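Trainee: below are the sequence and a predicted model; questions follow.
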Amino acid sequence: MRKLINNIFFIIIFFCGINNILSQNNINAKIITKIRDNLVGIKAVAQNNDAIFKDDFNYLLFSLKKGAQGNYSKNSQSGKFSLAPGEEKELSILKVNIQKNEEIKVFLFIRKDGHLVSKDSAKIYSEGKREKKVLNESEFVLKGIVLDEVITKIGKDFHDYFYQAYNSSGNKYPFIIVIKEKPYFGRSSIISVEVDDKKVIQFYSKPDEEYLKSEVKATLINLSFFAKKRKMLFKNSRI
């Protein structure tokens with residue numbers, strides 16, 4: 001009897017897990033673009049196709065512009081959101097200037113607890129043409145992308161030291177690394193490095209080159225551990 005009860009309990013938990021996954025997949029990410037006078041308006045939209053309230057979701061809207069000379073510039077916005085049953089919500093808007101022979105790749109990712117729930121992508125050309133193609137996560141390998149949200153010279157110095165070390169390390173991870181900084185006390189600040197809205201490392205800023213470079217080394221070590229753990233999680237989720 002106890003074995004039967006345990007089996008029933010396992011089946012209930014199993015189907016609850018499946019329903020939870022399917023429920024999360026009822027969120028749709030959508031990119032809407034409009035071009036006027038060489039200015040591209042990029043709107044990120046999320047739609048809840050389910051009849052239940054959705055909470056604690058994260059989004060990342062990311063654009064990468066390739067200039068006529070082959071140089072790149074990036075722009076991004078991110079945040080948290082919730083959706084009422086059947087609701088469609090505007091999450092964010094980017095405005096990017098585009099000139100002749102330039103192109104813009106745009107990506108929208110929606111995650112729940114660090115797991116990718118929905119995505120959309122588009123490629124926009126200066127002639128006004130838009131190519132619509134949803135990429136698999138394996139295709140979305142913008143390796144080596146580092147975003148900075150720093151507010152002080154110390155934060156900018158750390159970003160520059162890290163970016164140089166990261167590029168020369170030979171490791172280009174298939175995820176976006178975000179360097180954030182927030183005020184702390186007086187002129188000091190707290191610098192954090194995040195991936196998938198998870199802190200990889202956090203430390204207090206200090207106007208000392210040797211100190212910042214030591215934090216760069218610690219960050220690279222932590223990123224290596226994080227990448228291995230992340231890869232294992234994705235592998236197990238596909239079993």
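Mentor: Received the coordinates, thanks.
Trainee: rest of the way, CA atoms for contacts and neighbours
Mentor: Fine.
Trainee: surely residue 103 touches residue 126?
Mentor: Yes: using CA atoms under 8 Å, residue 103 is in contact with residue 126, at 6.1 Å.
Trainee: which one of these two has more residues nearby?
Mentor: residue 103 (22 against 18; other CA atoms under 10 Å).
Trainee: so for the biggest helix by length in the chain, what gets flagged as buried?
Mentor: Ranked by residue count, the top helix of the chain under DSSP state H comes out as helix 209-237. Residues of helix 209-237 classed as buried under the neighbour-count rule (16 or more other CA atoms under 10 Å) are 212, 213, 215, 216, 219, 220, 223, 226.
Trainee: go on, stretch 190-204?
Mentor: The neighbour-count check on stretch 190-204 (16+ other CA under 10 Å) flags 190, 191, 192, 193, 194, 195, 196, 197, 200, 201, 202 as buried.
Trainee: secondary structure element for the last one, which one?
Mentor: Secondary structure assignment for residue 202, by DSSP states H and E: strand 198-204.
Trainee: distance from the chain centre to that strand, please.
Mentor: Between the centre of strand 198-204 and the centre of its chain there are 16 Å (CA atoms, centre = their mean, to the nearest Å).
Trainee: quick one: that strand to helix 209-237, angle?
Mentor: Taking axes from the mean of the first three to the mean of the last three CA atoms, to 10 degrees, one finds strand 198-204 and helix 209-237 inclined to each other by 170 degrees.
Trainee: so what touches strand 198-204?
Mentor: By CA atoms under 8 Å, 6 or more residues apart in numbering, the surrounding residues in contact with strand 198-204 are 114, 188-194, 215, 219, 222-223, 226.
Trainee: likewise for stretch 52-63?
Mentor: With CA under 8 Å, 6+ apart, stretch 52-63 has contacts from 44, 48, 74-85, 91-92, 104-113.
Trainee: sorry, back to before: pull the most distant pair out of the contacts of strand 198-204.
Mentor: The most widely separated members of those, counting by CA to CA, are 114 and 188 (29.7 Å).
Trainee: where does pLDDT dip in the protein?
Mentor: 1-25, 114, 127-143, 234-239 (pLDDT under 70).
Trainee: how about a cut-off of 80?
Mentor: Where the chain drops to pLDDT under 80, the residues are 1-25, 68-74, 114-116, 126-145, 196-197, 231-239.
Trainee: which residues in it form helices?
Mentor: Using DSSP H, the helices assigned to the chain run over residues 2-24, 153-168, 209-237.
Trainee: what about the shortest one, distance to the chain center?
Mentor: Here helix 153-168 is found 20 Å from its chain centre; the criterion is CA atoms, centre = their mean.
Trainee: what packs against that helix?
Mentor: Helices and strands touching helix 153-168, by 3 or more CA pairs under 8 Å, 6 or more residues apart in numbering; DSSP states H and E, are helix 209-237.
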